[in-house]
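In: return a 3D structure for these sequence lines:
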Amino acid sequence: MEEDQMSLVDHLGELRRRIMWVAAVLVVTMVAGFFIAVPALDYLKSIPPATGISWHALAPGDGIRVYFQFAFLFAVAVTLPFTLYHLWAFVKPGLREEEQKATIKYIPFSVLLFLAGFSFAYFVVFRLALAFTTSLNERMSLIETYGITQYFTFMFNILLPVSLVFELPVVVMFLTKLRVLNPIRLRKLRRYSYLILVILSTLIAPPDLLSNLLIVLPLIILYEISVVLSGRIYRRQLEQDREWEEEYGPK
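Out: Residues are numbered from 1 along each chain as shown. Next comes the predicted model:
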């Protein structure tokens, strides 16, 4: 722990400064997102499942809505490491030196998990969902006319939540380091957590058993990985506590 103790006012002031920094970077990256939106959209149109689909503007503002949606998603992805760093820097004074060094390593891990979640969301979940809606429309003899806003809203509503859910191991590890969570508590909450993951999978996946299994199984695996990682951290904490008590007596 750092020697200097900050007052509540100091903490709130620091929190405000860090939020302002994150907001500023978010705005800057959103502006950058506008410039790469067109080539990115062209690329998405050239690969499945968008190949062969004609996007239509059903209202004058459809194009700008897609620009904003893409720019926001791009900004969230790019700003994530910066946001996590400021979160770490905010709680850093309350951590021991070894905890500070350990938790800073979570940032690159969280970026990799976000990218893995993004890839899983686009190449698995979104494609399954779109294939299901297309087959349902064909069964009902409907002619599909894709509005560009509706298409990308449908896509982004899948990409962002799934990408964030993949951050679960990092969140659990961080909260375990702060002694908010531990593997014992996670195991007790397992059945409720599974239920939440099943409900989440039904909300973002087509309503068929195979699609739900393809989505909920990776989420359950992520939860179990989180429990294992939390257990490793928790055992290390218990060892450190024992060493402290042997040297200085009970806390």
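In: residues in contact with the closest residue to Gly231 other than its chain neighbours?
Out: Once flanking residues are discounted, Gly231 sits nearest to Pro183: 4.0 Å by C-beta to C-beta, 6 or more residues apart in numbering. C-beta here means a position set from N, CA and C on the backbone, and glycine is covered the same way. The neighbours of Pro183, taking C-beta atoms under 8 Å, 6 or more residues apart in numbering as the test, are Thr176, Val227, Val228, Ser230, Gly231, Tyr234.
In: again with Ala75
Out: Per C-beta under 8 Å, 6+ apart, neighbours of Ala75: Leu26, Val27, Thr29, Met30, Ala32, Gly33.
In: pull out the buried residues from the strand or helix carrying it.
Out: Take DSSP states H and E as the rule and Ala75 turns out to sit in helix 62-91. Buried positions in helix 62-91, judged by neighbour count with 16 or more other C-beta atoms under 10 Å: 62, 65-67, 69-80, 82-84, 86-88.
In: contacts for stretch 143-162, please.
Out: 53-59, 62-63, 65-66, 69-70, 73, 76, 117-118, 120-122, 125-126, 129-130, 134, 137, 200, 204.
In: and that stretch, what's buried?
Out: Of all the residues in stretch 143-162, those buried under the rule 16+ other C-beta under 10 Å are 146-149, 151-152, 154-156, 158-162.
In: how about the helices in the stretch 151-251 of the chain?
Out: Under the criterion DSSP state H, counting those that start in this stretch, the stretch 151-251 of the chain contains helices at 168-177, 183-188, 190-204, 209-248.
In: please identify the most buried of those.
Out: Per residue and on average, the most neighbours among those fall to helix 168-177, with a mean of 21 (mean count of other C-beta atoms under 10 Å).
In: the helix or strand Met20 falls within: which residues count as buried?
Out: If you go by DSSP H and E, Met20 is part of helix 8-46. Residues Arg18, Val22, Val25, Leu26, Thr29, Met30, Gly33, Ala37, Leu41, Leu44 are the ones in helix 8-46 that count as buried (16+ other C-beta under 10 Å).
In: quick one on the thing from earlier: can you add distance to Thr103 and give the helices of the stretch 151-251 of the chain back as a markdown table?
Out: Listed next are these as a markdown table, based on distance: least, C-beta to C-beta, whole Å:
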| stretch | distance to Thr103 |
| --- | --- |
| helix 168-177 | 5 |
| helix 183-188 | 18 |
| helix 190-204 | 23 |
| helix 209-248 | 10 |
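In: distance to Ser110 and mean pLDDT added to these, as JSON lines?
Out: As requested, those are arranged in JSON lines below (distance: least, C-beta to C-beta, whole Å; pLDDT from 0 to 100):
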{"stretch": "helix 168-177", "distance to Ser110": "4", "mean pLDDT": "89"}
{"stretch": "helix 183-188", "distance to Ser110": "19", "mean pLDDT": "93"}
{"stretch": "helix 190-204", "distance to Ser110": "19", "mean pLDDT": "86"}
{"stretch": "helix 209-248", "distance to Ser110": "13", "mean pLDDT": "85"}
